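Engineer: predicted model, plus sequence, below.
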Amino acid sequence: MAVSISLGSGAGTAAAAPTLTYDVYWSQTNKSAIYYLYANGAYAGFVEWHADPVGSTPGDALRARDSAAEGWGVEATISTITIGYSRTATTRGMPSPYTTPWNTGNLEEGTKLRLTGCLVKGSEEVCTAGHHVYA
């Protein structure tokens, strides 16, 4: 299932921030997701969460990819309020194109998390609303 959403707000200088749109693709019975991010309509990269291992892809794994050299990096975050946990994968400071290594660590099976994807530049960020995924 794919969901396409458009967001145009962010922290920092609003005039400089791109309009963020994204498509969400779900897998593993809606436990895992990948967001394809677009800055002003142009493909910028993706954020990806995998709950369970698939082939060489580890489980409880997060990564980000910056595919465009437009000056904005890509950052992925999973978090939960119930256990006060968060994990981030970011391309900040890396030249594009760049894909982060998988950021992994075992979480209790079924833990409800919120996945967000952001375009980041210095202290500015424009982020997705976030969707629930699971460990």
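Structural biologist: The structure has been received and is ready for your questions. As the structure is a prediction and not an experimental result, all values here were calculated from the model. Residues are numbered from 1 along each chain as shown.

Engineer: use CA for all of it now, contacts and neighbours both
Structural biologist: Noted.

Engineer: for the protein, just list every one of the strands.
Structural biologist: Along the chain, counting by DSSP state E, strands occupy 2-7, 20-27, 32-39, 42-50, 61-66, 73-80, 85-90, 98-99, 103-104, 112-121, 124-127, 131-134.

Engineer: so which bits of the fifth one are buried?
Structural biologist: Same thing as strand 61-66. Under the neighbour-count criterion of 16 or more other C-alpha atoms under 10 Å, strand 61-66 has 61, 62, 63, 64, 65, 66 buried.

Engineer: sorry, back to before: tell me which of the strands of the chain sits most buried.
Structural biologist: Of all the strands of the chain, strand 61-66 carries the top mean neighbour count, a mean of 26, counting by mean count of other C-alpha atoms under 10 Å.

Engineer: which residues sit against that strand?
Structural biologist: With C-alpha atoms under 8 Å, 6 or more residues apart in numbering as the test, strand 61-66 has contacts from 44-51, 73-78, 87-91, 96-105.
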